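> coords please:
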Amino acid sequence: MQEKFSSYQKLIIALLALTQFTVVLDFMVMAPMGDILIKALDINPKQFGFAVSAYAFSAGISGLLAAGFADKYDRKKLLLFFYTGFILGTAFCGLAPNYPTLLAARIITGVFGGVIASISMAIVADLFHINQRGRVMGVVQMGFAASQVLGIPIGLLLATHWGWHATFLMIAALGAVLSLVMLRGMKPVDQHLSLQKEQKAVQHLVNTFANKTYRQAFMTTALLSIGGFLLMPFSSAFLVNNVGITQEQLPLIFMSTGVFSLIIMPLMGKLSDKVDKFRLFSIGSVWAMIWMVVYTNLPVTPIWAVITVNILLFAGIMSRMVPAMAIMSSVPAMSDRGAFMSINSSLQQIAGGIAASFAGLIIVQADKNSPIEHYPILGVIGAAIVLLCIWLMDRIRKSRRKMEQVEHVPPAPEPAILENI
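Below you'll find the predicted structure:
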């Protein structure tokens with residue numbers, strides 16, 4: 001029988017899901033606005049790819065620098081600090097008058113935004129048992145789907161009618177409201193502080209890297225990110241210039257995919273708490289591989305067929321994302337969770353930046369209105385990386401089981417879960 005959530009746990013899930021929504025939207029909206037930004041700022045695909053990767057690189061570096069301190073403070077205070085910086089950086093994006101200023105604003109936003117996901121993951125691992133985390137991850141990751149259902153279509157409409165600046169200003173305004181609710185409604189998350197050993201931040205970071213199982217998890221996360229980020233930056237440009245989709249039709253495509261994702265994410269969360277998480281991850285990965293290749297080879301296609309393929313592709317992506325995050329949350333000990341999640345998130349961001357930059361080098365476009373070339377190559381590379389991730393995730397599972405047998409401890413030490421709330 002699955003454990004029920006307390007009212008306070010439900011509040012935490014909602015806050016983390018909404019936080020995820022704004023952070024994911026801030027990053028995700030760059031891809032759908034790619035064609036708009038390339039034309040409005042008079043830049044080429046390489047420059048746009050760098051604008052996307054600038055956020056990812058700065059987020060990754062920031063997360064690595066913060067990893068040593070991540071377990072030494074109340075997680076609520078850390079979340080509020082970095083989320084406030086993220087809001088200010090996003091507002092700066094909305095006020096940027098040109099490409100160089102936007103690039104600087106994206107770097108600032110990445111410095112703060114890149115740490116938020118790792119803090120959220122650590123909070124989830126601290127406050128929820130392993131047999132609850134699949135459902136929690138399913139809801140929290142719905143921020144990704146919700147950004148497609150509501151955020152991206154609204155952002156595209158704002159960008160189309162009032163300019164691309166309006167989209168970032170909308171995200172900043174929403175984040176400001178959410179931060180106030182977080183300040184008043186969330187209690188301190190500091191149980192991990194009593195488990196901390198007296199060690200310097202740098203030593204804590206080094207010790208986390210020294211763990212072999214942790215390193216395997218870091219490599220897997222990085223490759224998972226690369227496999228997904230290869231296609232994302234130029235998806236809208238591909239649909240508009242190659243597949244025959246208009247700018248006005250893009251919101252419908254993203255909204256349809258998002259509605260489907262809102263349905264499948266919680267279902268995958270519940271399923272991952274009932275069946276083997278690795279098996280679910282493997283099935284979702286194989287499905288994603290197939291549709292990545294199909295998607296990147298689409299010719300001029302009716303919008304209903306594009307929506308169908310997009311939904312099938314994201315079904316695979318979501319089916320592997322939820323169990324993957326649940327598996328990763330069980331890897332670190334409670335005293336290492338902040339550092340582990342920070343490093344893990346950082347490598348994910350850096351890998352995403354590498355993927356976006358690499359995609360920008362592969363993609364070729366003769367002029368702003370010409371079809372983009374070499375997109376199918378990205379699909380093949382992405383599918384190969386997804387296949388490799390299945391093998392790596394299996395190694396993580398086996399390493400974790402071996403460590404538990406040697407140490408004679410139960411899987412993933414769990415905290416008391418706010419029993420008095």
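> my read: Gly258 touches Ile152, true?
Yes - applying C-beta atoms under 8 Å, one finds Gly258 in contact with Ile152, separated by 7.2 Å. (C-beta placed from N, C-alpha, C; glycine too.)
> count of neighbours near Lys274?
When neighbours are counted by other C-beta atoms under 10 Å, Lys274 registers 11.
> likewise for Thr22?
By the measure other C-beta under 10 Å, the count of residues near Thr22 is 27.
> re earlier: Gly258 and Ile152: who's more crowded?
Higher neighbour count among Gly258 and Ile152: Ile152, with 27 against 23, using other C-beta under 10 Å.
> quick one: residues contacting that one.
Each residue near Ile152 by C-beta atoms under 8 Å, 6 or more residues apart in numbering is listed here: 25, 28-29, 32, 251, 254-255, 258.
> now those in CSV, with distance to Asp336?
Shown next, in CSV, are the contacts of Ile152 (distance: C-beta to C-beta, whole Å):
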residue, distance to Asp336
Leu25, 30
Met28, 30
Val29, 33
Pro32, 37
Pro251, 42
Phe254, 37
Met255, 40
Gly258, 34
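> closest to Leu347 out of these?
Met28 (19.4 Å; C-beta to C-beta).
> now do the helices in the stretch 1-150 of the chain.
7-28, 34-40, 45-67, 75-95, 99-127, 130-140, 142-146 (DSSP state H, counting those that start in this stretch).
> among these, which comes closest to Val240?
Counting by C-beta to C-beta, Val240 lies closest to helix 34-40 out of the helices of the stretch 1-150 of the chain; the figure is 5.0 Å.
> other SSEs contacting that closest one?
If you count contacts as 3 or more C-beta pairs under 8 Å, 6 or more residues apart in numbering; DSSP states H and E, helix 34-40 packs onto helix 45-67, helix 152-162, helix 235-238.
> and the helix or strand where Val294 lies, what's its mean pLDDT?
According to DSSP states H and E, Val294 maps onto helix 277-296. Helix 277-296 shows a mean pLDDT of 89.
> which of the residues in it are buried?
277-278, 280-289, 291-292, 295-296 (16 or more other C-beta atoms under 10 Å).
> next SSE after that helix?
Next helix or strand after helix 277-296 toward the C-terminus (DSSP H and E): helix 303-329.
> turn the helices and strands packed on helix 34-40 into TSV, columns for distance to Asp74 and mean pLDDT.
Formatted as TSV, the helices and strands packed on helix 34-40 follow (distance: least, C-beta to C-beta, whole Å; pLDDT from 0 to 100):
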stretch	distance to Asp74	mean pLDDT
helix 45-67	14	78
helix 152-162	33	75
helix 235-238	39	84
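> a markdown table please, covering these and showing distance to Leu80.
A markdown table is the format used below for the helices and strands packed on helix 34-40 (distance: least, C-beta to C-beta, whole Å):
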| stretch | distance to Leu80 |
| --- | --- |
| helix 45-67 | 14 |
| helix 152-162 | 25 |
| helix 235-238 | 33 |
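> flag the helix or strand of the chain with the lowest per-element mean pLDDT.
Lowest by mean pLDDT, DSSP states H and E among the helices and strands of the chain is helix 142-146, with a mean of 65.
> in the stretch 51-200 of the chain, which ranges drop under the pLDDT threshold?
67-71, 130-131, 133-134, 137-138, 141-151, 192-200 (pLDDT under 70).
> could you redo the last one with a cut-off of 90?
51-79, 94, 96-99, 110-111, 113-167, 170, 182-200 (pLDDT under 90).
> test my guess that Ile43 contacts Pro100.
No - counting by C-beta under 8 Å, Ile43 stays clear of Pro100, with 10.6 Å between them.
> just give the nearest non-adjacent residue to Ala355, would you?
Phe229 (3.6 Å; C-beta to C-beta, 6 or more residues apart in numbering).
> check contacts around the one you found.
56, 351-353, 355-356, 359.
> mind running it again at 7 Å?
Shown in contact with Phe229 (C-beta atoms under 7 Å, 6 or more residues apart in numbering): 352, 355-356.
> which of those sits closest to Lys4?
Among those, Gly352 lies closest to Lys4 (C-beta to C-beta), at 35.6 Å.
> show the pLDDT at that closest one.
pLDDT at Gly352 comes out at 76.
> part of a helix, is it?
Yes - counting by DSSP: H, G, I helix; E, B strand; the rest coil, Gly352 is located in a helix.
> and it, how far is that from Leu223?
11 Å (C-beta to C-beta, to the nearest Å).
> do the same with Pro376
Per C-beta to C-beta, Pro376 is found 20 Å from Leu223.
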